[in-house]
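Participant: need the 3D shape of this:
(one chain, ligands or ions: 1)
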Amino acid sequence: MTEEPLIDIDHASVSFDSLRAVDRFSMRLRPGERVALMGRTGAGKSTILSLLVGSMRPTSGSVRILGLDPYAQHAQLQGRVAMAFQTPRLLPWRTSLGNVAVGLEILRRPKAERRRIAEEWLGRVHLQDALHKYPSQLSGGMRQRVSLARAFAVKPELIFLDESFSALDEVTARSLRADFVELCESTGTSAVIVTHSIEEAFAVANRVIVLGRPARVLCEYDAAPVRAGGQTELDAVSTEIRARLAEETTVPAG
Ligand SMILES: Nc1ncnc2c1ncn2[C@@H]1O[C@H](COP(=O)(O)OP(=O)(O)OP(=O)(O)O)[C@@H](O)[C@H]1O
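Facilitator: Residues are numbered from 1 along each chain as shown. Down below sits the predicted model:
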């Protein structure tokens, strides 16, 4: 089957003056896939996300999202792509319902529909009892759940997660990761997950791309066999990845 990729990054590079942040990075994302971009601090993960959301264009190479140029055709991607951040960026003066409705307001959905969809999504992230609470009344995990509901509520084809679970304790993070995978699978939503955590990458993605510094593909893993191998396999792969990343520090960047 020749399905058009949802994301097609072809040899994209980004330089800031003399510093190269992304170095001929290529990736494709097929419908239904979840790819984790895993790399250390300063590897260029945020810069790749900026390319994906169209807030920056590559110095060379190309980026296509759903067949469009996210920088030049940003408006056409509205509602088709959603994002959740490490800090959920909720509006403090709005309740959970009001926050989830934000994207739907931008898409000019009628009020009754906004309310119905927001309520449905807050239920799906297990916040049916917090519909009328303000962000300051919620725990970090709950705020992140509101943020996920807001992202899914617009029915995007693609979701980008930027370190969304990394500020949470491990038990909360595990539960959110599992919910996120379930929501992606039940809605057929594809995703790119940016993370510095090897464990998180293998927990949420089908495919894990390990980034060198500057950002380029160092190695790539099919996540399913690693998950199937349990903690022993994950430990072995983690050791391998850490060794690859450690070699990186001896290679001059630029
Ligand atoms: N606007 C900018 N101007 C100059 N240098 C920048 C700019 N944005 C990022 N950089 C540099 O590019 C490199 C990659 O940064 P980036 O923020 O993309 O990495 P990251 O992998 O997201 O890091 P972290 O995990 O710490 O957020 C870093 O060396 C950073 O200092």
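
Participant: what does this structure put close to the ligand?
Facilitator: Taking C-beta under 6 Å from any ligand atom as the measure of proximity, the chain contacts the ligand at 16, 19, 21, 39, 41-47, 196. For every residue, glycine as well, the C-beta is placed using N, CA and C.

Participant: so which of the residues you listed are in strands?
Facilitator: 16, 19, 21 (DSSP state E).

Participant: hang on, the earlier thing: can you flag the buried ones in the residues of the chain next to the ligand?
Facilitator: By neighbour count, with 16 or more other C-beta atoms under 10 Å, the residues of the chain next to the ligand hold 21, 39, 43-45, 47, 196 as buried.

Participant: so, low pLDDT: which residues of the stretch 151-254 of the chain?
Facilitator: Residue ranges of the stretch 151-254 of the chain with pLDDT under 70: 249-254.

Participant: check the stretch 1-150 of the chain too.
Facilitator: 1-2.

Participant: do a quick rundown of the strands in it.
Facilitator: All strands of the stretch 1-150 of the chain, identified by DSSP state E, counting those that start in this stretch, fall at 7-16, 19-29, 34-38, 60-65, 81-84.

Participant: winner for burial among those?
Facilitator: When you average the neighbours per residue for each of the strands of the stretch 1-150 of the chain (mean count of other C-beta atoms under 10 Å), strand 34-38 leads with a mean of 25.

Participant: how big is the angle separating that one from strand 7-16?
Facilitator: With axes from the mean of the first three to the mean of the last three C-alpha atoms, to 10 degrees as the basis, strand 34-38 and strand 7-16 are set at 20 degrees to each other.

Participant: tell me the strands beside strand 34-38, with direction?
Facilitator: strand 190-195 (parallel), strand 207-211 (parallel) (DSSP bridges).

Participant: which of those strands sits most buried?
Facilitator: strand 190-195 comes out most buried of the strands paired with strand 34-38 by mean count of other C-beta under 10 Å, with a mean of 24.

Participant: contacts for it?
Facilitator: 6-7, 29-38, 45-46, 48-49, 52, 157-166, 180, 184, 200-201, 204-205 (C-beta atoms under 8 Å, 6 or more residues apart in numbering).

Participant: that strand vs strand 19-29, what angle?
Facilitator: 150 degrees.

Participant: next structured bit after strand 190-195?
Facilitator: helix 198-204 (DSSP states H and E).

Participant: put the alpha carbons of that next one into PDB.
Facilitator: Output of helix 198-204 as PDB, limited to C-alpha atoms (Å, rounded to 0.1, in the frame of the first residue of the first chain):
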ATOM      1  CA  ILE A 198      14.200   6.300  26.900                       C
ATOM      2  CA  GLU A 199      11.500   4.600  29.000                       C
ATOM      3  CA  GLU A 200       8.900   7.000  27.900                       C
ATOM      4  CA  ALA A 201       9.900   6.700  24.200                       C
ATOM      5  CA  PHE A 202       9.400   2.900  24.300                       C
ATOM      6  CA  ALA A 203       6.200   3.100  26.300                       C
ATOM      7  CA  VAL A 204       4.300   5.400  24.000                       C
END
